[in-house]
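output the structure for:
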Amino acid sequence: MSDPIRINRRWVLGATLVGAGSAACGNVAQGEGGIDVRDYGAKGDGIADDAAAFQRAIDTAAKQGGGVVTFGPGTYLMRYRASDDGDGGSAITLRSGVTLQGTDRDRCIIRVADRQHGPGTYARTIASKGEIARAALRSFTIDGNRAGQGQFKDDFGGGAVLLGWKGRCVEITVEDLVVRNAVGQGIMLQGSIENVSRRLRIANNRVEGTAFIGIQCSQFDGVSITGNRVLNCYDNGIDIYGDDTKGHSTVATSRNATITDNEIRGCSIGVFLETVADSVTARNIISGCRIAGVRVNRIHGEPRNLTIAENQISATPIGVAIGGDTGGVMVRDNRIEGFKVAGVEFSYNVSRITVTANRFRPATAETPIILGKPTIENANPAEQLAHIRVSGNRIPAGHAQSSQFVNRYKRTVDIMVGEFSTLPRS
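Have a look, this model is predicted:
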């Protein structure tokens, strides 16, 4: 597996550009002027239902071949209706070629009305129908109003922004939004196993207090998730997924992601990499997550050619957790501090991992730095740890030697662990 090389703050693996996104994403939305939702009846007074006015403006722009739909400061109340895609409810359907853009991120507020969620509701504030291409969302706030949804405030279905359901996303940009208190996901871009999304960019957003995942992408080839702040979401902060749930292929269906320069705090797992390939997670600041800073997981598709580098991970039980056989994962040059379970943990038939040049500061001198922990210690057949390289890592002086590499696997193949050097006193 090639190491990543930083070139003008973009990462490549070998000679292949990985998910850097395209400057062209949403370019149709960059022009001046545009359609103002107030001209289509929107009030922005927090009382009137403005969903229909937004939809009329978006549909007009789409019929004209695309363009910018703008809205100024105000609170635009949204009530759900039967969604255009035939599933659940939504307030707004974004169309191909259209950008929805506020003039002031913090004062242009789309707010979900009270009591819009019911039993099993698959509700989305901003949705799409089938494939959506060359569209963007920019510079406004979505207030999901979880408290106003009563007993349904912690439901997982739907979300604030969910594009690509029953289709895919092509050249989609979501940037400079505030998404707070959403029932379900904060921002989600989807493709399908047969027809993956391409050229996606999720940048410089603030997502907080969601009932499920903060930012998620599934079934894609090429996504850039950069510069976001994801805070206090119930589940994972940033989650990318690519399993073949139909054919159960060992080949990941999602690839080419860069997850860089994000701040993630107070979520379940900071960055969750599930059955994805050819991706880089780098320079993120992850703190106070309840399970792990970064987790790599395999369902059917093999996580392959992943680099986890130069991240700062603190106050999580596990710094980096890896589960299942992989086609190569590099964990390098990270600063991992304050962990109480392990700096790096291997669980369930883990293989082909390199852990090098990291700086570890555990919670105690007995906390394992590297921990091999099968999910079932006495399983028959036994779980296996294989093809592991650990070298060039630094730990505090006086850390218990017996806790530097703790391996509870009974079946191992090709394990090489070098000496740990001493960190300078902080």
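
quick check: end-to-end length of stretch 328-347?
The first residue of stretch 328-347 is 15 Å away from its last residue (CA to CA, to the nearest Å).

check stretch 105-117 too.
26 Å.

ditto for stretch 361-368
Its start and end residues considered, stretch 361-368 measures 11 Å (CA to CA).

which residues of this structure score low on pLDDT?
1-33, 426 (pLDDT under 70).

same thing but 50
In the predicted model, the chain carries pLDDT under 50 at residues 1-32.

middle-most residue in it, spatially?
The chain has residue 238 as the residue nearest its centroid, 2.3 Å off, counting by CA atoms, centre = their mean.

ok, that residue - contacts?
Residues in contact with residue 238 (CB atoms under 8 Å, 6 or more residues apart in numbering) are 214, 215, 216, 225, 228, 230, 259, 262, 264, 270, 271, 272. Glycine gets a C-beta too; all of them are placed from N, C-alpha and C.

next, count neighbours for residue 376.
By other CB atoms under 10 Å, 9 other residues sit near residue 376.

begin at 54 from now on, thanks
Understood, numbering begins at 54; the last thing we discussed is residue 429.

quick check: it touching residue 461?
No: Residue 429 is beyond contact range of residue 461, at 10.9 Å (criterion: CB atoms under 8 Å).

mind listing the shared neighbours of these two?
What both residue 429 and residue 461 touch, as defined by CB under 8 Å, 6+ apart, is an empty set.

so the residue nearest to the centre of the chain versus residue 332, what's the distance?
Noted for residue 291: a distance of 11 Å to residue 332, by CB to CB, to the nearest Å.

need the overlap of contacts for those two.
residue 312.

looking at the contacts of residue 291, which are in strands?
268, 269, 278, 283, 312, 317, 323, 324, 325 (DSSP state E).

got the end-to-end distance for stretch 267-283?
6 Å.

just to be sure, residue 201 is in a strand?
No: checked against DSSP: H, G, I helix; E, B strand; the rest coil, residue 201 lies outside a strand; its state is helix.

now do the contacts for it.
So residue 201 contacts 165, 166, 167, 168, 169 (CB under 8 Å, 6+ apart).

who wins for neighbours among those?
residue 165 (26 neighbours).

wait, that one touches residue 131, no?
Yes: at 5.5 Å, residue 165 and residue 131 qualify as touching, with contact defined as CB under 8 Å.

pull up the overlap in contacts between the two.
144, 178.

could you list everything the closest residue to residue 134 other than its chain neighbours pairs with in the sheet?
Spatial nearest neighbour of residue 134, excluding adjacent residues (CB to CB, 6 or more residues apart in numbering): residue 142 at 6.2 Å. Beta bridges link residue 142 to residue 135, residue 176, judged by DSSP bridges.

tell me the contacts of residue 142?
Going by CB under 8 Å, 6+ apart, residue 142 touches 133, 134, 135, 136, 169, 174, 175, 176, 177.

need the contacts of residue 201 in CSV with distance to residue 214 and secondary structure, can you?
Converted to CSV, these look like this (distance: CB to CB, whole Å; DSSP: H, G, I helix; E, B strand; the rest coil):
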residue, distance to residue 214, secondary structure
165, 12, strand
166, 17, coil
167, 20, coil
168, 21, coil
169, 16, coil
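
redo the residues you listed as TSV? Include distance to residue 125.
Compiled in TSV, these are given as follows (distance: CB to CB, whole Å):
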residue	distance to residue 125
165	20
166	20
167	24
168	27
169	24
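
what's the local residue count around residue 292?
Residue 292 has 27 neighbouring residues, counting by other CB under 10 Å.

which secondary structure state does it sit in?
strand.

OK, contacts around it?
By CB under 8 Å, 6+ apart, the neighbours of residue 292 are 266, 267, 268, 269, 270, 322, 324, 325, 327.
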